[in-house]
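S.K.: A predicted structure for the sequence below; I have some questions about it.
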Amino acid sequence: MTEPIPAPAPSPRPRAKALCLISGGLDSQLAACVLREQGVHVEGVAFSSPFFSPDAAIRAAKQLDIKLHVVDFTPHIAALLKNPPHGFGSCLNPCIDCHAAMVRKASEIMAREGFDFIATGEVLGQRPMSQRRDALNMVQKDSGIPGRLLRPLSAQLLPETEPETLGLVDRSRLLGLSGRNRKPQLEMAKRFGLVEFPTPAGGCLLTEPNYTRRLKNLMEHEGLDDERLLRLLAHGRHFRLDAGTLAIVGRNRGDNEFIRTAMRGGDALVKPVDKPGATVLAIQPAEADMPAILGLCAAYSDGKPGDTVSISVMRAASKPVASPVVVPPRQDFEARMI
Ligand code: SF4
């Protein structure tokens, strides 16, 4: 008599796939580690814009040895700066809407590449604006994928999400961290062998008061549609002259070089010829502001007040034209510095 053919063993549950928002900070790296520890396949997603760079996330992904998807977030954050439904934090940081928009962008990759859920390193109560319970709820609601957004570090304090109810992750092995105490995270970092992580909350220029003062000024005049102007905000000293021209004065060789390459048709690039000094980029200058632009360039040259220096003006596709300028004191421009 032939033996009955045994029923096939139930096929093992396919390995769950999580796409984790990686800032490069410790918490997002720990979220990835906690999921990976229970067998979840983890990849990362990071965002780039003139206000924050993915560099720390790229280093973190190397440390974690995970694939990283990098998304250009510039148009999304620019739109939120114009109209953030949940408002700004202490500077021009629309954190709640920014987080929700990042999760929405990540969910597009999730749908396209077959991930099961999105994870973040958010910790309940750790940051005053974006990680209060109501803020986490708002991000969850606005993310477009409320059931599939998991915060592994605080999951036990939050309602169950789909990956937990479906058994893709084991809720009992997720964490219940809350508050500003970083000790548990630092202990976990040791346990997971993480050695490289920048300070929490660092790296976003939208949280820096000096930077956001310039950004507000740009929003009021040129607007936010020109990405090169957004990138120039992080370089040099910025002046708003009387007829409305934005003039950017390099602080060092790196700024001077950046400013030079940022020139476009209609701008004026202004430099001292016979003395070392700053390069000045005037954006679409008003003719009425040209004397002040030359004076600004002379004031930030090595010439002393009262000296005469030769200043050249170059406009796109034309040869530089030099003219003598008496060096004014820098204080003359203080009131116009942004
Ligand atoms: S700190 Fe900057 S990058 Fe982070 S959520 Fe806020 S606005 Fe977005």
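M.R.: Cool, got the structure.
S.K.: can you list the residues of the stretch 151-300 of the chain near the ligand?
M.R.: Taking C-beta under 6 Å from any ligand atom as the contact definition, the stretch 151-300 of the chain meets the ligand at C204, L206, T207. Backbone N, C-alpha and C define where each C-beta goes, glycine included.
S.K.: ok, of those, which one's closest to the ligand?
M.R.: When those are compared for distance to the ligand, the smallest value, 3.2 Å, is given by C204; criterion: C-beta to the nearest ligand atom.
S.K.: surely the closest one and F51 touch.
M.R.: Yes - with contacts defined as C-beta atoms under 8 Å, C204 counts as touching F51 at a distance of 6.0 Å.
S.K.: on that earlier part again, make TSV out of the residues of the stretch 151-300 of the chain next to the ligand and add secondary structure, pLDDT and distance to D255.
M.R.: Listed next are these as TSV, based on DSSP: H, G, I helix; E, B strand; the rest coil; pLDDT from 0 to 100; distance: C-beta to C-beta, whole Å:
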residue	secondary structure	pLDDT	distance to D255
C204	coil	94	21
L206	helix	97	21
T207	helix	94	22
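S.K.: need these in TSV with neighbour count, can you?
M.R.: Supplementary listing: those in TSV, determined by neighbours: other C-beta atoms under 10 Å:
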residue	neighbour count
C204	19
L206	21
T207	18
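S.K.: and the contacts of stretch 174-186?
M.R.: Counting by C-beta atoms under 8 Å, 6 or more residues apart in numbering, the neighbours of stretch 174-186 from elsewhere in the structure are 26-27, 30, 34, 123-126, 150, 152-157, 164, 200.
S.K.: so for that stretch, what's the average pLDDT?
M.R.: Regarding stretch 174-186, the rounded mean pLDDT is 95.
S.K.: now that stretch: buried residues?
M.R.: Within stretch 174-186, the residues that count as buried by 16 or more other C-beta atoms under 10 Å are L174, L175, L177, S178, Q185.
S.K.: do stretch 153-164 as well
M.R.: If you call a residue buried by 16+ other C-beta under 10 Å, then stretch 153-164 has these buried ones: L153, S154, A155, Q156, L157, L158, T161, E162, P163, E164.
S.K.: residue contacts, the fifth one?
M.R.: By C-beta under 8 Å, 6+ apart, the contact set of L157 is L124, G176, S178.
S.K.: may I ask which helix or strand encompasses the second one?
M.R.: What it means is G176. G176 belongs to no helix or strand when elements are defined using DSSP states H and E.
S.K.: residue ranges with poor pLDDT in the stretch 51-200 of the chain?
M.R.: 200 (pLDDT under 70).
S.K.: which outside residues touch the helix or strand where L281 lies?
M.R.: When elements are assigned from DSSP H and E, L281 belongs to strand 280-283. Surrounding strand 280-283, the residues in contact under the criterion C-beta under 8 Å, 6+ apart are 222, 229, 232, 245-250, 259-260, 262-263, 267-271, 289-290, 293, 296-297, 300.
S.K.: for PyMOL, write a command that selects the buried ones of those residues.
M.R.: The PyMOL selection below is limited to those of these classed as buried (16+ other C-beta under 10 Å):
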select buried, resi 229+232+245+246+247+248+249+250+259+262+263+267+268+269+270+271+289+290+293+296+297+300
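S.K.: in strands, which of the contacts of strand 280-283 fall?
M.R.: The members of the contacts of strand 280-283 that map onto strands under DSSP state E are L246, A247, I248, V249, A268, L269, V270, K271.
S.K.: distance check, the second one against G121.
M.R.: It stands for A247. For A247, the distance to G121 equals 41 Å [C-beta to C-beta, to the nearest Å].
S.K.: likewise for the third one?
M.R.: Applying C-beta to C-beta, the value for I248 to G121 is 36 Å.
S.K.: hang on, the earlier thing: give me the subset of the contacts of stretch 174-186 that lies in strands.
M.R.: Among those, the members falling in strands (DSSP E) are L150.
S.K.: give me the subset of the contacts of stretch 174-186 lying in helices.
M.R.: Here DSSP state H is the test, and those give L26, D27, L30, V34, E164 as lying in helices.
S.K.: looking at those residues, which one is closest to the ligand?
M.R.: The shortest distance between the ligand and any of these, using C-beta to the nearest ligand atom, involves D27 and amounts to 12.1 Å.
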